[in-house]
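J.: My questions are about this predicted structure, shown below with the sequence.
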Amino acid sequence: MHRFMQATMELIDRQEYISWSLPKNWHVILTSNPDNGDYNVTSLDVAQKTRFVSVEVKFDVNVWARWAEAVNIDGRCINFLLMNPELVTQRVNPRSITTFFNSISSIQKFEDQLPLIQMIGEGSVGPEFSSMFTMFINNKLDKIISPKDAVTNVNEAYVVGALTSAVGSGDEFRADISSVIATRIVNYCLTHAEKHAIGAPMIDRLVKLTTDCDAFTNDLRYFMVKEIVNGNKVKFAAMMRDNAVVKMAVK
Amino acid sequence: MENYLKITMAFNDKFYDDHKDLNLLSQIEFCTGVFGYNNTLSVFETVYTPSLNDKLFFLKGVTIPRVKMKNLAVDYKIKTVRDINEATHIFGSNTTFDKITDFSYEYKIATEEFKAFMLLAKDYMDVFKFERIQTALEFYTLPQILTDHNTLHNVISNKDLPFDYTYDFEKYGRYSERFVLLDDDQKENYELIINKILYDESALLLHLNGDAAIEIDNEMFESLNEMFASSDRDNWTLAMEIMANCHYDKSLLYLELLFCDHSYKINDTKIKNHVNFKSLVNFLGKSHGYSTNVDNIMSSLKKHNKFTKENLDIILKLHGDVIQNQGDTTYFKVKVITVDSEVLAIMKEDYTYTMIEDPTFEVASPEIEEVVMIEEEIVPEIIKIEVQDESTNYYPF
């Protein structure tokens, strides 16, 4: 262990080890668990710590959601975590949560397998997380329209209807659900655009959702346009050629 | 542009060592170009009216977003062509000349003087190379050939040459001059376009966003200002996208004002390099950095025929303090100066000092107009008289 640490410190400190040196502009990034007694780690002394910058990384649910969309984590589960990011703790971390989600993703109808889901959940992410997830299913929030459906389903009336019924209206408007759907649509579009061409129908649908769909407030509409256009300027620039989008953006 | 002959020469290595056994090495090439700084492609038509089935050719330096050609393709069946011979309209930009040329500093030798040198140098050159140069010179009509520093200063004017030759620097000059060289792959196109009508890309840009494109008005201008004021750079990007997609002509003043207020931020984003935004930049004729002041705005309004009292009011409302603080600009002059209110209170009277008198404009008087009308009325009578006179071979005066 000591020899490994010595070699690593050489690389960090001098950017070289024996006759081997790092290419120009390379940066060494090390990751480790905290040295707080909860993890089995070897402590670093002060002389070592002062040779590099330490940054404590925090969980960001939006970053996780973007990653989850790209690696095909079950969309129902992504929705759940976007709505309950506070459930992520040191003990219930993204890795254990992802393991739990992957374990249950083959279940077609969550409501038919609640005891099984509760059991897997308690064994991986703990009882509090499992209970919240069960409540999520009981409230039928796992039935929210998927972003793929929202953006690619040819039946526009169905999509708008599904979105509107999911978020409600008037006093029953669920801003949290609306926000989750908006985030999911943004993430889906950007992930999809990485490997696929974006055709006019998809642009038209996005224009519809961001200008003429009551499921989203003006703030969320602007958020969607801003994130999508900035996320992939080449493929989504056509959105900004639509006058309705421009008028919405400057409202 | 002229087709110059460029000949470079060098000594063999041994001659450098002991000044014996001279063998002149030579290279020959043709360079199409012109001396100086003149842009020979600077005259462009600024008005283009789309018509059915137009075929457009874009010269280098034209930044037209192809995706925006869709409007013209649908409305007029206009298409772009890659063969310049098929084109009905050729478009260039103010950067076209720089894109199709390069420049270097070249030395010149009078052709006749070089011919005289060659006759003396004949015995010290490879026969094949000598005849090659002679053949090239035989049909060469320009008074000068190009060469490099070594040929002029180390070879032709060398005092150790084994023959009697002196180059007169006083007569022919010793310094290089800027030479604009046309790219080889552009020679054919250049010959074609030099005698044709070229259109400025801004004439086409005007039509690209279509009449349905959104117009930036005062309200939208305020919103875009707020977007630029945001610390979130993504908002700047959206604002720039909106600017790039608006109706350029109708939005001209507010576009200029946005550049005036936010050129630093615009220059600090990556989207400035996107072809869509570049087309806006080219339309407005912005230079690197996009720096814009009130005089630039006025020049732009003048160029696009947008001088109106309303536009001037808007500029002065937003940037009048610039003139207050800095005084005269090219377009704005301080006409009247007053003094501070404290001074006025002491003086107990209003005070202004006029720096510039009111200009006088020539206005056609109503009387002159009446005379014109009378003349128009009597024209038929004069014609009548003339006809009568001609018939009788009688000169009217």
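T.: Nice, I can see it.

J.: In the stretch 1-150 of chain A, mark out all the strands, start to finish.
T.: Assigned by DSSP state E, counting those that start in this stretch, the stretch 1-150 of chain A shows strands spanning A:16-17, A:20-21.

J.: Please identify the deepest-packed of those strands.
T.: Per residue and on average, the most neighbours among the strands of the stretch 1-150 of chain A fall to strand A:16-17, with a mean of 12 (mean count of other Cβ atoms under 10 Å in any protein chain shown). (C-beta placed from N, C-alpha, C; glycine too.)

J.: That strand - what's its average pLDDT?
T.: Averaged over strand A:16-17, pLDDT sits at 88.

J.: That one: how far from the chain's middle?
T.: 38 Å (Cα atoms, centre = their mean, to the nearest Å).

J.: Stretch B:4-24 now?
T.: The answer for stretch B:4-24 is 43 Å, by Cα atoms, centre = their mean.

J.: Which residues does that stretch contact?
T.: B:25-33, B:106, B:114, B:121, B:124-126, B:129, B:133, B:136-137, B:140, B:142, B:144-148, B:150-151, B:154-156, B:158, B:160-162 (Cβ atoms under 8 Å, 6 or more residues apart in numbering or on different chains).

J.: What is whichever strand or helix holds B:Leu119 packed up against?
T.: Using DSSP states H and E, B:Leu119 sits in helix B:111-121. Other elements packing on helix B:111-121 under the criterion 3 or more Cβ pairs under 8 Å, 6 or more residues apart in numbering or on different chains; DSSP states H and E are helix B:127-138, strand B:144-147.

J.: winner for burial among the ones you listed?
T.: strand B:144-147 (a mean of 23).

J.: Dump that one to CSV, keeping only the CA atoms.
T.: In CSV, the C-alpha atoms belonging to strand B:144-147 read as follows (Å, rounded to 0.1, in the frame of the first residue of the first chain):
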residue,chain,number,x,y,z
GLN,B,144,8.6,43.3,-63.7
ILE,B,145,9.1,39.8,-62.5
LEU,B,146,8.9,38.7,-58.9
THR,B,147,11.7,37.3,-56.9
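
J.: ok, now how distant is the closest residue in space to B:Leu120 that isn't next to it in sequence from B:Met125?
T.: Nearest residue to B:Leu120, sequence neighbours excluded (Cβ to Cβ, 6 or more residues apart in numbering or on different chains): B:Phe163, at 4.5 Å. Separation of B:Phe163 from B:Met125 (Cβ to Cβ, to the nearest Å): 12 Å.

J.: A:Ala200 too?
T.: 69 Å.

J.: These two: which is more packed in?
T.: For A:Ala200 versus B:Met125, the count of surrounding residues by other Cβ atoms under 10 Å in any protein chain shown is larger for B:Met125: 19 against 8.

J.: Quick check, that one in contact with B:Phe117.
T.: No - B:Met125 is beyond contact range of B:Phe117, at 11.0 Å (criterion: Cβ atoms under 8 Å).

J.: For the stretch 151-300 of chain B, which segments count as strands?
T.: Going by DSSP E, counting those that start in this stretch, the stretch 151-300 of chain B shows strands at B:177-182, B:198-200.

J.: Chain A: which of those is closest?
T.: strand B:198-200 (23.3 Å; Cβ to the nearest Cβ).

J.: Which secondary structure elements does that closest one sit against?
T.: Secondary-structure packing of strand B:198-200 (3+ Cβ pairs under 8 Å, 6+ apart): strand B:89-92.

J.: Run a quick neighbour tally on B:Leu206.
T.: B:Leu206 - counted by other Cβ under 10 Å - has 18 other residues nearby.

J.: ok, it - contacts?
T.: B:Tyr48, B:Tyr248, B:Asp249, B:Phe283.
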